[in-house]
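Chemist: kindly generate the corresponding structure for this input.
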Amino acid sequence: PALAGAKSRAQRLKCTSQMKQLGLGFALWLTDHKGMYPPTAYSTGDYQYQLSWDDYIHRYIGGTLPE
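Modeler: A predicted model of the protein is given here:
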């Protein structure tokens, strides 16, 4: 039971941290884009290349572009 409680708390802390990062990513995006949120999805018509909101804020939450 003690280990289960510790695991549950660790998962809760991880989730809280990730939610904070998403919030910061959106805040940074809004600052750079005149208060406009990223689109929910964008498609070029080809199923191979579709973007969603998380692709737009990726670099704001610590992601890097593939080289």
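Chemist: could you count how many residues lie near Ala6?
Modeler: Residue neighbour count, defined by other C-beta atoms under 10 Å, stands at 10 for Ala6. C-beta coordinates here come from the backbone N, C-alpha and C atoms, glycine included.
Chemist: measure Ser52 to Pro38 for me?
Modeler: Between Ser52 and Pro38 the distance is 9 Å, computed by C-beta to C-beta, to the nearest Å.
Chemist: do the same with Gly5
Modeler: Gly5 sits at a distance of 38 Å from Pro38 (criterion: C-beta to C-beta).
Chemist: how about Asp32?
Modeler: The spacing between Asp32 and Pro38, counted by C-beta to C-beta, is 10 Å.
Chemist: how about Ile61: what's its closest non-neighbour residue?
Modeler: Gly25 (3.9 Å; C-beta to C-beta, 6 or more residues apart in numbering).
Chemist: count of neighbours near the one you found?
Modeler: The local packing of Gly25 (other C-beta under 10 Å) involves 21 other residues.
Chemist: if I pick it, what's in contact with it?
Modeler: Going by C-beta atoms under 8 Å, 6 or more residues apart in numbering, Gly25 touches 57, 60-61.
Chemist: about what we covered before: Ser52 and Pro38: who's more crowded?
Modeler: Relative neighbour count places Pro38 above the other of Ser52 and Pro38, with 19 against 12, counting by other C-beta under 10 Å.
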